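>>> sequence below, structure please.
(2 chains)
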Amino acid sequence: DTAVSQTPKYLVTQMGNDKSIKCEQNLGHDTMYWYKQDSKKFLKIMFSYNNKELIINETVPNRFSPKSPDKAHLNLHINSLELGDSAVYFCASSQDRQDYEQYFGPGTRLTVT
Amino acid sequence: QKEVEQNSGPLSVPEGAIASLNCTYSDRGSQSFFWYRQYSGKSPELIMSIYSNGDKEDGRFTAQLNKASQYVSLLIRDSQPSDSATYLCAVTGTASKLTFGTGTRLQVTL
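Purely as a prediction, here's the structure:
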């Protein structure tokens, strides 16, 4: 069974479009995260939700909007995509907000042309 | 100064040798320290966590922490070609989030 899953795995789209990435975890964890890994492999946190409540909101353009319908799901919607948004986006989860042992999904490679 | 610093490598070691990966961090309030392994095109995978000064061993892996020197390291004994990957150091600071280094690429040669 996949612990943390993401869809889609690859996403190629044009500038200006709006797209969403979905994440689901079946570990029973309370806390979920979105990370962005750029071309230099630097992994940086974007958002974190604990039991549907937003707890970390890093300096991210407001074109990015996370949404957590329940504690097992965390989605990321991106409006008006730009070339600089091209990256790999990882979803992760941990037992709770005090537990930093995080488990990552397979990633979504977003390419904006 | 970067919050978490690692030498990008590549670090090349022969099969069977000990690979030593190093990481320094800037936040003296950091409490939790992690090593993740990331194969090319794959997601980061947690391999070690350490919370107190000293050594922690798990199989061929040993994590070492020195909070006074703000230094954490990962030793891989009997390195195998399958250990070739990028190793990411991650640290929790006072901001209650995990901050990653840029990773060290390890190459284990036959």
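
>>> who touches stretch B:81-93?
Residues from elsewhere that reach stretch B:81-93, judged by Cβ atoms under 8 Å, 6 or more residues apart in numbering or on different chains: A:41, A:43, A:100, B:3-4, B:6, B:15, B:19, B:21, B:23, B:25, B:27, B:29-40, B:44, B:72, B:74, B:76, B:98-101, B:103-110. For glycine as for every other residue, the C-beta is placed from the backbone atoms N, C-alpha and C.

>>> give me that answer again for 6 Å
Stretch B:81-93 is contacted from outside by A:100, B:4, B:6, B:21, B:23, B:25, B:27, B:29-34, B:36-39, B:44, B:76, B:98-101, B:103-108, using Cβ atoms under 6 Å, 6 or more residues apart in numbering or on different chains.

>>> and it, what's buried?
B:83-93 (16 or more other Cβ atoms under 10 Å in any protein chain shown).

>>> now the buried members of the contacts of stretch B:81-93.
The neighbour count (16+ other Cβ under 10 Å) marks A:100, B:4, B:6, B:21, B:23, B:25, B:30, B:32-34, B:36-38, B:44, B:76, B:98-101, B:103-106, B:108 as buried among those.

>>> among the contacts of stretch B:81-93, which ones are in strands?
Judged by DSSP state E, the contacts of stretch B:81-93 include B:4, B:21, B:23, B:25, B:32-34, B:36-38, B:76, B:98-100, B:104-108 as members of strands.

>>> and the gap between residue A:48 and chain B?
The spacing between residue A:48 and chain B, counted by Cβ to the nearest Cβ, to the nearest Å, is 7 Å.

>>> what's the pLDDT at that residue?
We note a pLDDT of 93 for residue A:48 in this prediction.

>>> verify the stated contact: it with residue A:57.
No. With contact defined as Cβ atoms under 6 Å, residue A:48 does not count as touching residue A:57 (8.2 Å).

>>> these two: who's more crowded?
Legend: neighbour count by other Cβ atoms under 10 Å in any protein chain shown for residue A:48 and residue A:57, higher for residue A:48 (27 against 14).

>>> contacts for the strand or helix carrying the more buried one next, please.
Here residue A:48, judged by DSSP states H and E, is contained in strand A:43-50. Contacts to strand A:43-50, defined as Cβ under 6 Å, 6+ apart, come from residues A:30-37, A:55-58, A:60, A:66, A:68, A:74, A:97, B:97, B:100.

>>> list buried members of those by neighbour count.
A:30-37, A:56, A:66, A:68, A:74, A:97, B:97, B:100.

>>> and which of the residues you listed is nearest to residue A:107?
Nearest to residue A:107, judged by Cβ to Cβ, of the buried ones among the contacts of strand A:43-50 is residue A:37 at 7.5 Å.
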